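Colleague: A predicted structure for the sequence below; I have some questions about it.
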Amino acid sequence: MDLEIGQPIDFGSGDHQHLVRKAADHNPQSKTPQSYKTSPSPEPKNPHENLHTKASERANVYVIQISEDTTPEDSSSHPFSNSAVRRDFIVKVFLILSAQLMVTGTITSTFIFWKTLRTWVRANAWFTYAILPAFFVVLIILACCGKLRRQVPANYILLGLFTVLQGMLLGAISVYYEANEVLWATAATALVTLLLTLFALQTKWDFTLLNGALFVLLCVLVIYGILLLFIQTYWLHLIYAGLGTVLFSLYLVMDIQLMVGGRHHHSDLNPEEYIFAALNIYLDIINLFLFILQLIGLGR
């Protein structure tokens, strides 16, 4: 029996077995005893008989192709395919985020309720401007240096330094508001954050697809804020605060879905990016607090 390369046959599914049985049925040696005669077979008298014989021999030729198995990429190779890894990642992110919020709240409360410090910060505006460069330097390092934010304990040290600077900057801003306004803004931010977190975990809408659109809106909001430095209009400031509240609410939902992963389209985080995930959600909450505080301040 001859073998030629032709149409593919899947040996794993048992498709070759019927070929073997068919070859055995058509093999003349399986039906007649083996002959050892060496005399040449007589030539067929009819030429059509010769063609028929060749066609019969051709029918006994089966085409088999042996190729390498190509299996699709195994999705289980991703670290988050293990639910235990994803669960540990989420728990670690929320623990870090809780520690950040506690430190930030403690520092901000010191600026609000310590009257001497409150008066000093108001009299020395350079203190706020001195914090800004260090704040942005640490933020850029955490955002751009991927290897550094995955190295322990350097990532915790940088995140702790960033949290302290953010708390001091937030406290320096809060001294220009009344204590009750800051408390109302804190309560509103906590309630909105809780509701948005539950919404992000339960909704079937995939907000991770809005990543590009939200970034464009953020750029527009930044330009809008720069223009407001030169335009002192109540309604424009009110619209700016409202747009900022909505934008960072959407950012909070998106970042939570990125962290949770699962059925969402974009989920590129890996288990070592817990610092980056906590930093994103922390900044969303802080910016949400600032815009809500601004709305409350404009409403008085």
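Modeller: Noted; the coordinates are in hand. Keep in mind that this is a model prediction, so the values were computed, not measured.
Colleague: contacts, neighbours, all on C-alpha from now
Modeller: Will do.
Colleague: what's the neighbour count on Leu95?
Modeller: 12 (other CA atoms under 10 Å).
Colleague: can you pull out the helices in the stretch 201-300 of the chain?
Modeller: 211-228, 234-260, 274-299 (DSSP state H, counting those that start in this stretch).
Colleague: which other helices and strands contact the second one?
Modeller: In this case it means helix 234-260. helix 83-113, helix 179-202, helix 211-228, helix 274-299 (3 or more CA pairs under 8 Å, 6 or more residues apart in numbering; DSSP states H and E).
Colleague: If we use 7 Å, what do you get?
Modeller: Where contact means 3 or more CA pairs under 7 Å, 6 or more residues apart in numbering; DSSP states H and E, helix 234-260 is packed against helix 179-202, helix 274-299.
Colleague: ok, now the last one?
Modeller: If contacts are counted by 3+ CA pairs under 7 Å, 6+ apart, helix 274-299 sits against helix 83-113, helix 179-202, helix 234-260.
Colleague: Return the most buried member of those.
Modeller: helix 234-260 (a mean of 20; mean count of other CA atoms under 10 Å).
Colleague: could you give the mean pLDDT of that one?
Modeller: For helix 234-260, mean pLDDT is 90.
Colleague: Which residues does stretch 108-124 contact?
Modeller: Counting contacts by CA atoms under 7 Å, 6 or more residues apart in numbering, the residues outside stretch 108-124 that touch it are 127, 167-168, 170-172, 174-175, 179.
Colleague: one more time with 6 Å
Modeller: 167, 171, 175 (CA atoms under 6 Å, 6 or more residues apart in numbering).
Colleague: Now, the residues you listed that are in helices?
Modeller: 167, 171 (DSSP state H).
Colleague: CSV for the contacts of stretch 108-124, including neighbour count and distance to Asn287?
Modeller: As requested, the contacts of stretch 108-124 are exported to CSV (neighbours: other CA atoms under 10 Å; distance: CA to CA, whole Å):
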residue, neighbour count, distance to Asn287
Gly167, 25, 12
Gly171, 23, 14
Val175, 23, 17
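Colleague: Make JSON lines from the helices and strands packed on helix 274-299 and add distance to Ile223 to it.
Modeller: Shown next, in JSON lines, are the helices and strands packed on helix 274-299 (distance: least, CA to CA, whole Å):
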{"stretch": "helix 83-113", "distance to Ile223": "27"}
{"stretch": "helix 179-202", "distance to Ile223": "25"}
{"stretch": "helix 234-260", "distance to Ile223": "11"}
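Colleague: So which of those is nearest Pro271?
Modeller: In terms of CA to CA, the element of the helices and strands packed on helix 274-299 nearest to Pro271 is helix 83-113, at 6.0 Å.
Colleague: could you give the angle of the closest one to helix 179-202?
Modeller: Calculated by axes from the mean of the first three to the mean of the last three CA atoms, to 10 degrees, helix 83-113 forms an angle of 170 degrees with helix 179-202.
Colleague: got CSV for the helices and strands packed on helix 234-260, with distance to Val222 too?
Modeller: Compiled in CSV, those are given as follows (distance: least, CA to CA, whole Å):
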stretch, distance to Val222
helix 179-202, 21
helix 274-299, 13
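Colleague: On the pLDDT front, check Val63 for me.
Modeller: 53.
Colleague: make that Phe291, sorry
Modeller: At Phe291, pLDDT is 94.
Colleague: same check, this time on Thr104
Modeller: 94.
Colleague: Just to check, it is in contact with Gln166?
Modeller: No. The pair Thr104 / Gln166 is not scored as a contact, 7.0 Å apart, by CA atoms under 6 Å.
Colleague: hang on, the earlier thing: among the helices and strands packed on helix 274-299, which comes closest to Tyr282?
Modeller: Using CA to CA, the nearest of these to Tyr282 is helix 83-113, at 6.3 Å.
Colleague: Now the element after the closest one, going C-ward?
Modeller: helix 115-123 (DSSP states H and E).
Colleague: what about that next one, average pLDDT?
Modeller: 90.
Colleague: Report the buried residues of it.
Modeller: 118, 121 (16 or more other CA atoms under 10 Å).
Colleague: Take it, keep the C-alpha atoms, and write them as PDB.
Modeller: Provided in PDB are the C-alpha atoms of helix 115-123 (Å, rounded to 0.1, in the frame of the first residue of the first chain):
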ATOM      1  CA  LYS A 115      -5.200  76.200  64.600                       C
ATOM      2  CA  THR A 116      -1.500  77.300  64.900                       C
ATOM      3  CA  LEU A 117      -0.500  75.200  61.800                       C
ATOM      4  CA  ARG A 118      -3.600  76.300  60.000                       C
ATOM      5  CA  THR A 119      -2.800  80.000  60.500                       C
ATOM      6  CA  TRP A 120       0.900  79.400  59.600                       C
ATOM      7  CA  VAL A 121       0.100  77.700  56.300                       C
ATOM      8  CA  ARG A 122      -2.300  80.500  55.300                       C
ATOM      9  CA  ALA A 123       0.400  83.100  56.100                       C
END
